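Visitor: Kindly generate the corresponding structure for this input.
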Amino acid sequence: MEKSKSGTIKRGQAISFRVPSDTPDHLLKHLQKLKETERRNFSSKMAEFVLEGVGKSYSQERETITIPLPQRLSKSQRDWLKHEHSEALIGNIIYQLLIDPVRSTSLLASMNSKSVDINEALYLQEGPEISNVDEEKANLSTYEQESAAALEEAMDDDLMAFDWETAKENQEPDRVDETPETDFDLDDLLGDFLAKMNK
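Guide: Coordinates of the predicted model:
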């Protein structure tokens, strides 16, 4: 059998200590009152105070936080939490989640989802955001395409509705009218000029 080290403290072990000589009177009175009211549970109450004090000093040395849990823990879960490796594991997980809050929400979604594929479960939270952006881009490109198509259709409709024959007929009389007028005008001008020269 292995002998336990004399300096190690185990759960359930009795520890005795001396009240320091410089303890103030009001604390001594409070201890006396606790001893009278607690009686047989006095040592348990003192153990709570000691552990609370040790916990505070430990949290000052090292960064610790207290987190309320959504449900009470079972005895086996509490025992598991008391191990050094469990505390280190949980501390590391919480630290990583505090570093990247978005990841923590996706992790929570994956834990709550019934998806078998881990990648699908991790991106449950990110899916709606990405799809919203994609939908907006798709709507914008659809709107641009529709407006370009509508403009093209309007131009095509104008060209399709345009009657070339009527336009040619309308243009030809103008040309016919312009040419004789121009000739007539030139003849008049030339005739007037020649008439004046002959005088």
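
Visitor: Could you report the neighbour count for the closest residue to residue 64 other than its chain neighbours?
Guide: Nearest residue to residue 64, sequence neighbours excluded (Cβ to Cβ, 6 or more residues apart in numbering): residue 58, at 6.8 Å. For every residue, glycine as well, the C-beta is placed using N, CA and C. Counted with other Cβ atoms under 10 Å, residues neighbouring residue 58 total 11.

Visitor: Model confidence score at residue 58, please.
Guide: pLDDT recorded at residue 58 is 70.

Visitor: For it, pull up the helix or strand it's in.
Guide: helix 42-61 (DSSP states H and E).

Visitor: any idea which helix or strand comes after that helix?
Guide: helix 75-82.

Visitor: got the contact list for residue 18?
Guide: Residue 18 makes contact with no residue, according to Cβ atoms under 8 Å, 6 or more residues apart in numbering.

Visitor: Now do the SS call for it.
Guide: What DSSP: H, G, I helix; E, B strand; the rest coil gives for residue 18 is coil.

Visitor: And the helices in this structure?
Guide: Using DSSP state H, the helices of the chain run over residues 25-38, 42-61, 75-82, 84-99, 101-112, 118-122, 126-161, 164-198.

Visitor: ranking the ones you listed by mean pLDDT, which is last?
Guide: helix 118-122 (a mean of 58).

Visitor: Do I have it right that residue 19 meets residue 32?
Guide: No - contact criterion Cβ atoms under 8 Å: residue 19 and residue 32 do not qualify, at 10.7 Å.

Visitor: Pull up the overlap in contacts between the two.
Guide: With the criterion set as Cβ under 8 Å, 6+ apart, the contacts of residue 19 and residue 32 do not overlap.

Visitor: Pull out the buried residues from stretch 42-49.
Guide: By 16 or more other Cβ atoms under 10 Å, the buried positions in stretch 42-49 come out as residue 46.

Visitor: repeat for stretch 24-38
Guide: Neighbour counts using 16+ other Cβ under 10 Å place residue 31 of stretch 24-38 among the buried residues.

Visitor: can you check stretch 89-106 too?
Guide: Those would be residue 106, for stretch 89-106 by 16+ other Cβ under 10 Å.

Visitor: can you start the count at 50 instead of 1 from here on
Guide: Yep, numbering from 50; the last one is stretch 138-155 now.
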